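>>> coordinates for the following, if possible.
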Amino acid sequence: MDAIALLKQDHKLVKDLLEQLAESTTRAVKKRGDLLRQIHANLKAHTTIEEEIFYPAFKAAGKKEEEKMYFEALEEHRAAEDLVLPDLMKTNPATEQFSGRAKVLKELIEHHIEEEEQEMFKDAKKLLSRAELNELGAQMEARKAQLLTKLKAAA
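Take a look at the predicted model:
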């Protein structure tokens with residue numbers, strides 16, 4: 001699978017999980033906990049393969065505009081993964097505060113996905129050959145499997 005197809009597949013999975021979380025109620029404590037664990041593991045694996053493999057290749061192939069997109073994407077990862085998600089994970093899932101934080105995380109992630117798919121991925125298709133995208137995809141799949149195994153063992 002090429003790099004962009006893999007990332008889009010991840011985007012769909014995480015969006016679906018975030019949608020389920022947003023639709024859950026304060027009474028669905030177990031469901032919210034399960035969804036949050038899945039979101040955390042999948043987001044961590046996804047952002048790691050982007051930051052370690054895809055983004056550096058994209059930045060190296062591009063120019064000033066791609067470098068700007070690269071740094072913006074890293075900051076969006078940091079906002080979601082280092083600020084909002086840890087707070088959400090410490091919040092009681094039986095509260096409306098949890099609902100609010102889940103909504104903010106969902107909106108952040110959806111905004112990031114839209115920018116990647118509408119801008120970064122289109123540029124990447126112009127800057128990187130089909131062979132390069134396939135090679136990146138293979139590297140990313142292997143690293144993602146490794147990360148998910150490690151994250152699930154730690155959970």
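
>>> which residue packs closest to residue 49, ignoring adjacent ones?
Of all residues not flanking residue 49 in the chain, residue 140 sits nearest, at 4.3 Å (Cβ to Cβ, 6 or more residues apart in numbering). Every residue, glycine included, has its C-beta placed from N, CA and C.

>>> surely the one you found meets residue 56?
No. In this structure, residue 140 is not within contact of residue 56 by Cβ atoms under 8 Å, at 11.7 Å.

>>> and those two? Which one has more around it.
More neighbours surround residue 140 than the other of residue 140 and residue 56, with 25 against 13 (other Cβ atoms under 10 Å).

>>> so for the helix or strand the more buried one falls within, mean pLDDT?
If you go by DSSP states H and E, residue 140 is part of helix 130-154. Helix 130-154 shows a mean pLDDT of 94 in the predicted model.

>>> which residues in the protein form helices?
Assigned helices in the chain, in chain order: 3-23, 29-49, 55-61, 64-78, 85-90, 96-115, 121-127, 130-154 (criterion: DSSP state H).

>>> spit out the contact partners of residue 96.
Counting by Cβ atoms under 8 Å, 6 or more residues apart in numbering, residue 96 makes contact with residue 26.

>>> against residue 89, how distant is it?
Note on residue 96: its distance to residue 89, by Cβ to Cβ, to the nearest Å, is 17 Å.

>>> equivalent analysis for residue 112, please.
Counting by Cβ to Cβ, the gap between residue 112 and residue 89 amounts to 19 Å.
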